[in-house]
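> fold the following.
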Amino acid sequence: MARGCICCVKYMLFLFNLLFWGSFATLSPAFPSLSAANLVITLGTIVMVTGFLGCLGAIKENKCLLLSVRENARRDLKDGLVLYATENNAGLQNAWNTIQSEWRCCGVESHTDWHAALQEKVVPDRCCQDLHPGCGRNASSTFWTRVRLL
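You can find the predicted model right below:
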């Protein structure tokens with residue numbers, strides 16, 4: 001199983017490098033018909049392929065494919081935590097608040113994910129089991145731990 005997993009990762013890295021560097025090499029001033037739109041299309045293709053590999057891993061019950069997709073999703077979600085406190089991200093804040101209040105969870109793996117993302121020992125108030133304004137700043141508050149996103 002481990003040998004097959006390593007082989008799969010090797011070919012995924014090769015395919016990624018081929019797609020990324022191949023599209024990057026074509027984005028030169030010598031070809032004005034090629035633009036940054038092609039890079040966006042290529043990145044969309046990579047996301048689509050990653051999603052397909054996740055589905056394929058689920059159908060074939062291939063642990064390697066499922067874990068690689070899970071790790072990518074975990075990393076992307078943690079990157080989203082970092083953007084939570086930035087300006088002009090009301091949609092992202094609302095999405096995280098809704099998920100955490102409805103699913104009764106906090107962060108991606110635990111409430112400490114927020115500490116790293118916000119660079120201080122606070123969490124959004126929606127992480128609190130006893131919700132009231134400012135409860136995320138109180139270290140004695142009890143935070144949701146029942147469900148983890150990934």
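> surely residue 110 and residue 123 touch.
No: using CB atoms under 8 Å, residue 110 is not in contact with residue 123; the gap is 9.9 Å. C-beta here means a position set from N, CA and C on the backbone, and glycine is covered the same way.
> where does the prediction get shaky in the protein?
1-7, 9-10, 13-14, 16-40, 43, 65, 139-141, 146-150 (pLDDT under 70).
> residue ranges of the helices in it, please?
Here the chain has its helices, by DSSP state H, at 2-26, 36-60, 63-83, 90-103, 112-118.
> and stretch 116-133, what's buried?
117, 118, 122, 123, 124, 125, 126, 127, 128 (16 or more other CB atoms under 10 Å).
> from residue 64, how far off is residue 11?
In this view, residue 11 and residue 64 are 11 Å apart by CB to CB, to the nearest Å.
> oh, I was asking about residue 87
40 Å.
> more neighbours, those two?
residue 64 (18 against 5; other CB atoms under 10 Å).
> my read: the more buried one touches residue 57, true?
Yes: with contact defined as CB under 8 Å, residue 64 reaches residue 57; the gap is 7.3 Å.
> any shared contact partners between these two?
Applying CB atoms under 8 Å, 6 or more residues apart in numbering, one finds that no residue jointly contacts residue 64 and residue 57.
> gap between residue 80 and residue 45?
22 Å.
> those two: which is more packed in?
Neighbour totals were compared for residue 80 and residue 45, and residue 80 leads with 15 against 12 (other CB under 10 Å).
> now do the contacts for the more buried one.
92, 96.
> what about 7 Å?
Residue 80 sits next to residue 92 when contact means CB atoms under 7 Å, 6 or more residues apart in numbering.
> go on, residue 91?
Neighbours of residue 91 in contact, by CB under 7 Å, 6+ apart: none.
> from residue 84, how far out is it?
Residue 91 is 11 Å from residue 84, by CB to CB.
> cool, residue 135 as well?
Taken as CB to CB, the span from residue 135 to residue 84 is 17 Å.
> between these two, who's got more neighbours?
Using other CB under 10 Å, the more surrounded residue of residue 135 and residue 84 is residue 135, with 19 against 16.
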